[in-house]
Every structure is written in C-alpha cells, then in structure tokens.
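A.B. asks: I would like the atomic coordinates for the input below:
(one chain, ligands or ions: 2)
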Amino acid sequence: MKLHGTAAINERGNLAIGGCDATDLIKEFGSPLYVMDEAQLRENCRKYHQAFSASGAGEVLFASKAFMNMAMCRLVEQEGLGLDVVSGGELYTARRAGFPMEKVYFHGNNKTPAELRQAIEYGVGHIVVDNLYEADLLNAIAGEMDARVRVLLRITPGIDCHTHEFVRTGQIDSKFGFTLPTGQALAGVKAVLERGNLIYDGLHCHIGSQIFELESFSYAAEVMMTFIDEIRRETGAQTAILNLGGGFGIRYTEADTPGDVAEYARIVLSAVALEAEKRSLPTPKVLVEPGRSIVATAGTTLYTVGSVKEIIGVRKYVAVDGGMTDNPRPALYGSRYESMLANKATQEAEEVVSVTGKCCESGDMLLWDVSLPKVESGDILAVSCTGAYNYTMSMNYNRIGRPAVVFARDGKAAVVVERESLDDLIRNDRIPPYLQR
Ligand SMILES: Cc1ncc(COP(=O)(O)O)c(C=O)c1O
Ligand SMILES: N[C@@H](CCCC[NH3+])C(=O)O
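C.D. replies: Residues are numbered from 1 along each chain as shown. Ligands and ions are numbered 1, 2, ... in the order given. Okay, here's the model as predicted:
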C-alpha cells in the first residue's frame, strides 16, 4: 500500500496516521473507523488554493459531496476555499457550521422548491440553474421572497472523457444541465437573462470524475469559451464566471496516473486566458470544484478482521467488520483500493486473499485478490484512499451503523462524526397505535 500524506510505519511496526498508531485508534474509537489525515487534507486544499486562487485568476470550491460534515466545513473555510453543495442537507450542514454563505454554490438537477427557498433565505452566493423548469421556479420563488439571485447555468458541453460510465456526467446523454450542441444552452441563457429575479453571472460545466487526461479540461475550457463568445454575440451579455467543475483524478492503485494540481491549474487557466484573448473577451474568473482530489488520499479506513474462510484451490475470503455499507464503491463501480495489515506493517506479503464485508449480500466485496502477510482474526486491515465518496456514500443496509470519523493530527485524534449507535438506527422508527402492544 502506498503511504500517502503523514501515513508511516512507526517504531512498533504498525501503521500510523497523523502520528497516531492505527491499533491505538481502534482501541480508542472502535472498529471500523474512518481516519482522516488532517495535515494531508490541509495540504491538498493549499495546493489548490495556491495553484488557482493565489494569482486572483481563479477560485476553488470544495465539492462537499465527496466528504461532508461540520468539521470539514470549518477546515475548508480556514483554508480559504468555497463550497459546492447539492442538497438542502449539505446546505444545512454548511450553514450550521457557520460557513460563509456567499462562498457557497448550490448545484443539483432537481432542487425542490423548499431547497430553493432555503438557499435564498440563507443568502447562498450562487445557485447553479440546471434546466428551464428550475429557472422559472427559482425566478418565481425569488419574486415571492423579494430577492434577486445570482446564477450560473449548468451546461452539458458534450465532452467524452475516459472514466467509468457511472461517474461520467459531461456527455450529451446526461441528466445534468442545458445541452450545448442542441442549442438548448443558448436558449437557457436567454431565458435566464429575461427572468427579472435572476442575475446571470456565468456558466458551469463538469465533464466527469477521476479524469487523468488534462487535455479534457482544456478542451472543456475551449468549448465553453466558444459558447461565451456566442452568448456575447447573441445577447450582449458578459460572462463573469466560468466554473469548470471537478474531476481531477487521484492514485488509488498503481494503475492510476494523476497529474499534478499546479499543472492542471496552469493548463486550465492558460486555456481560458488564451481563448479570451483570441476572441477579445474579458477573461472570466475560473472556478474549479475538486472533491476527490482534496479528500481521497487523506482517508484510510481501519477494519478488524473476523472470520477467514479458505476454499482450497478457489479463494480465501477475509471478512471484516464493515464493507459495502461504509464503502460501496467496489460494489457500485468495481473500484480498486490498496490495503495493508496495520498491525503487521513490516511483515512481507505471503498470501493472496479477497476481503469481504459483513452484509447479507454476495456483492459485498472490498478487495479482490490482494497480497497481504498471513491474515488472522483480530488483525487490523487498513484500506487507503477512502477519504472521498466513502463516508458520504455510506448506508445502513442490514441496519449496520456508520463508523465514526476522526481527524488525526500531530499524534492526537478527534472525533468529527460519532459512530452511529443502535439507538441511532431506530431513532426515526415509529410504531403506529394499531401495532402497539
Ligand atoms: C458538479 C460537480 N462538481 C464537482 C464534482 C466533484 O468531482 P470530483 O470529486 O471528481 O473532483 C462533481 C462530482 O463528480 C460534480 O458533479
Ligand atoms: N460517487 C462517485 C463520484 C461521483 C461524482 C459526483 N458527480 C465516486 O465515488 O467515484
């Protein structure tokens, strides 16, 4: 397993994260456990801030869908980033954490009237309008609330990039946004310009996730700048903001070959500036919305090994006390991760095993055919790069409670999300009178 951030092997021969021994973390906070390396989170935020915002040309919004809770909102605010939210729940979390609402961008392909009202009431900086229905709805609600709302339009530029089909959102056949090649996007901009309670500030696109080809982003910038030129010619409107979404890939395994954030920024910012110059357009402010590349490498999930089942000549199953409920990505997307035994970190690999969870579901697999030292019940298995889309995509299938989340830093760990208790699992259950004893 590649060690990211502060992850290291300590003098006891154990994995340590943020200076905290993994086996001690399990003793203190229980198992399984999501451990976030706070220094790595901050470093990732800083790299983005430095690359995009320092020059004043851009701004970075953390895509909170990747990892969201109130402590993370505080950290993101401290590091000077804005926030992308996609639901009333994410918005509420940000608000309760005291996140500056003017730095929030509210996305979503089907925001409800209640969510739009909530966003206006909170004073959210920008709402990213996804479709014509929403433009009308938002205009009407803003009118009722006597507000004028700054908006971006989400555009589907029709760019195909190489990533898993389920997490690819930029192609034409997409539920998201106004389609560019069909003319729907221009009609959308005209409609927004005509709505008295909406203020047109710019455009947004997001071409997909876990992307390694940086040219995909510069191509998106070019396509969007061409459209910005068309908007100016057709309507006279200026586009102040160009939000190019997230999607920068990370290294989960050695098969992944991400670039570096500074290079990403250089390519994207120069593509926008060049296109603006070519067309004598003012250069819009460039926003990016990284999620995965801020949080993924900072996260490690620790599990305790329970039963081990060997089917001679077929496979050895190692079962852990979590699984698809805390990390559904292998089951959903066939995602691959690296792992190690945190309590046997200096031991050589000596067997190939597959790691399964505890759900009543054959597809509940975390790792296929990984090499580990001899695995025994009670060992602590660490899976790296679980900081993105794990906690936020976790679930209660089989009424399994979500693990706690801790931030580890300088030898100390602090709980940022409590482990779900058995009582948490029945908190919303009600027994109607006719079923009561
Ligand atoms: C609109 C939007 N912005 C940002 C992101 C974050 O993407 P990533 O986590 O790949 O950086 C996503 C998710 O893919 C998204 O849909
Ligand atoms: N949930 C996906 C990414 C979602 C992208 C959101 N637009 C993943 O785990 O890779």
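
A.B. asks: Output stretch 232-247 in CSV with nothing but the alpha carbons.
C.D. replies: What follows is stretch 232-247, C-alpha atoms only, in CSV (Å, rounded to 0.1, in the frame of the first residue of the first chain):
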residue,chain,number,x,y,z
ARG,A,232,-22.0,37.9,-26.2
ARG,A,233,-22.7,38.0,-29.9
GLU,A,234,-26.3,36.8,-29.5
THR,A,235,-27.3,38.6,-26.3
GLY,A,236,-24.6,41.1,-25.5
ALA,A,237,-24.3,39.6,-22.0
GLN,A,238,-21.0,39.4,-20.2
THR,A,239,-20.0,36.1,-18.6
ALA,A,240,-18.1,36.9,-15.3
ILE,A,241,-17.6,33.4,-14.0
LEU,A,242,-16.6,30.1,-15.7
ASN,A,243,-16.9,27.2,-13.4
LEU,A,244,-15.2,24.1,-14.9
GLY,A,245,-16.3,21.7,-12.2
GLY,A,246,-14.3,19.0,-10.6
GLY,A,247,-13.0,15.7,-11.8
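
A.B. asks: Show me what counts as buried in that stretch.
C.D. replies: R232, T239, I241, L242, N243, L244, G245, G246, G247 (16 or more other Cβ atoms under 10 Å). Heads up, the C-betas are built off the backbone N, CA and C, glycines and all.

A.B. asks: Which residue is the nearest non-sequential neighbour of the third one?
C.D. replies: If I follow you right, that is I241. G202 (3.2 Å; Cβ to Cβ, 6 or more residues apart in numbering).

A.B. asks: Now do the contacts for the one you found.
C.D. replies: Taking Cβ atoms under 8 Å, 6 or more residues apart in numbering, we find G202 in contact with L152, L153, T239, A240, I241, L242, N243, P284, K285.

A.B. asks: and of the residues you listed, the nearest to C45?
C.D. replies: N243 (17.9 Å; Cβ to Cβ).

A.B. asks: The closest one and P290 touch, don't they?
C.D. replies: No: with contacts counted by Cβ atoms under 8 Å, N243 stays clear of P290, the gap being 11.9 Å.

A.B. asks: Establish whether the helix or strand where the residue nearest to I241 lies and ligand 1 are in contact.
C.D. replies: G202 belongs to strand 198-204 when assigned by DSSP states H and E. No: using Cβ under 6 Å from any ligand atom, strand 198-204 stays clear of ligand 1, coming no nearer than 7.1 Å.

A.B. asks: What residues sit buried inside the helix or strand just after that strand?
C.D. replies: Once strand 198-204 ends, the next helix or strand along the chain (criterion: DSSP H and E) is helix 214-235. For helix 214-235, the neighbour count (16+ other Cβ under 10 Å) marks 214, 216-225, 227-229, 231-232 as buried.

A.B. asks: Could you list the residues of the stretch 101-250 of the chain in contact with ligand 1?
C.D. replies: Taking Cβ under 6 Å from any ligand atom as the measure of proximity, the stretch 101-250 of the chain contacts ligand 1 at H107, T169, H206, S209, G245, G246, G247, F248.

A.B. asks: follow-up on the earlier one: strand partners (parallel or antiparallel) of the strand holding G202?
C.D. replies: Strand 198-204 has the following sheet partners, assigned by DSSP bridges: strand 149-156 (parallel), strand 241-243 (parallel).

A.B. asks: May I have it as PDB, with CA atoms only?
C.D. replies: Output in PDB follows, covering the C-alpha atoms of strand 198-204 (Å, rounded to 0.1, in the frame of the first residue of the first chain):
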ATOM      1  CA  LEU A 198     -32.200  36.100 -11.700                       C
ATOM      2  CA  ILE A 199     -28.800  37.700 -12.300                       C
ATOM      3  CA  TYR A 200     -26.700  36.000 -14.900                       C
ATOM      4  CA  ASP A 201     -23.200  35.600 -13.700                       C
ATOM      5  CA  GLY A 202     -21.800  32.800 -15.800                       C
ATOM      6  CA  LEU A 203     -21.600  29.200 -16.700                       C
ATOM      7  CA  HIS A 204     -20.700  25.800 -15.200                       C
END
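
A.B. asks: Tell me what angle it forms with helix 214-235.
C.D. replies: If you take axes from the mean of the first three to the mean of the last three Cα atoms, to 10 degrees, strand 198-204 sits at 150 degrees to helix 214-235.

A.B. asks: what about strand 198-204, near ligand 2?
C.D. replies: No: for strand 198-204, no contact with ligand 2 is found by Cβ under 6 Å from any ligand atom; the gap never falls below 12.4 Å.

A.B. asks: Check the contacts of G202 against S371 and report the nearest one.
C.D. replies: N243 (42.2 Å).

A.B. asks: got the contact list for the closest one?
C.D. replies: Taking Cβ under 8 Å, 6+ apart, we find N243 in contact with L61, Y105, V128, L152, G202, L203, H204, C205, V286, L287, V288, E289.
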